[in-house]
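# What follows is a protein structure lacking sequence information:
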Ligand SMILES: O=P(O)(O)OC[C@H]1O[C@H](OP(=O)(O)OP(=O)(O)O)[C@H](O)[C@@H]1O
Ligand SMILES: Nc1nc2[nH]cnc2c(=O)[nH]1
Ligand SMILES: [Mg+2]
């Protein structure tokens, strides 16, 4: 495995605290409704599971596998769907859950595709957002943290498939 130095950017405590706040906000916004989480594999799953535990309205969850980075630090620009959802989303209040929005290409591709399946509503929730790198516009309803233009790892985010299991957010130094 390629070794990288990991510098802590956001501590485990800060991430956990922010996820609790996001869960409380989502519970308030979806009061009286059910929320259907769509976790984007692989990275989004770690955050989605923690977030789901902090939401107090009824929650269902489904998974979709989309990947454009492969083992690289740069997006290939080609968004590959490796696994589709198991369930239809028609008439559901859908919340797409991502670990990071970087260029925006993944969600720019995914959102119209999911909208064509006629959900009642569709919103995006991301743990991390990298605004400096945005190439296409994406409307984000819930953001955990804005991060600088550095390659971050941990909490689901990988570098060549490693480091997803770190309980904090770090930067993989060159
Ligand atoms: O805004 P973008 O530039 O499209 O980048 C964001 C996407 O990149 C990462 O996925 P990746 O392709 O690395 O797949 P993975 O979650 O399986 O690692 C991340 O989980 C987002 O889905
Ligand atoms: N691990 C990781 N994956 C990404 N995908 C898009 N941006 C990033 C990033 O900064 N880190
Ligand atoms: Mg990745």
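Good, I have the coordinates. Everything numeric here is computed off the predicted structure, so don't read it as measured data. Ligands and ions are numbered 1, 2, ... in the order given.
# partner strands of the worst-scoring helix or strand of the chain on mean pLDDT, parallel or antiparallel?
Among the helical and strand segments of the chain, the one scoring lowest on mean pLDDT, DSSP states H and E is strand 80-83, with a mean of 87. Each strand paired with strand 80-83, and its direction, by DSSP bridges: strand 59-67 (antiparallel).
# Go ahead and name everything in contact with the least confident helix or strand of the chain.
Counting by C-beta atoms under 8 Å, 6 or more residues apart in numbering, strand 80-83 makes contact with 41, 63-68, all of which sit outside it. (Glycine included, C-beta is placed from N, CA and C.)
# if you set the cut-off to 6 Å instead, what comes out?
Residues from elsewhere that reach strand 80-83 (C-beta atoms under 6 Å, 6 or more residues apart in numbering): 65-67.
# ok, whatever helix or strand comes next after that strand: who's next to it in the sheet?
Scanning forward in sequence from strand 80-83 by DSSP states H and E, the next helix or strand is strand 93-101. Strand 93-101 has these partner strands in its sheet, going by DSSP bridges: strand 35-41 (parallel), strand 121-129 (parallel).
# Residue 5: which of those strands is closest?
Nearest to residue 5 among the strands paired with strand 93-101 is strand 121-129 (19.7 Å), distances taken as C-beta to C-beta.
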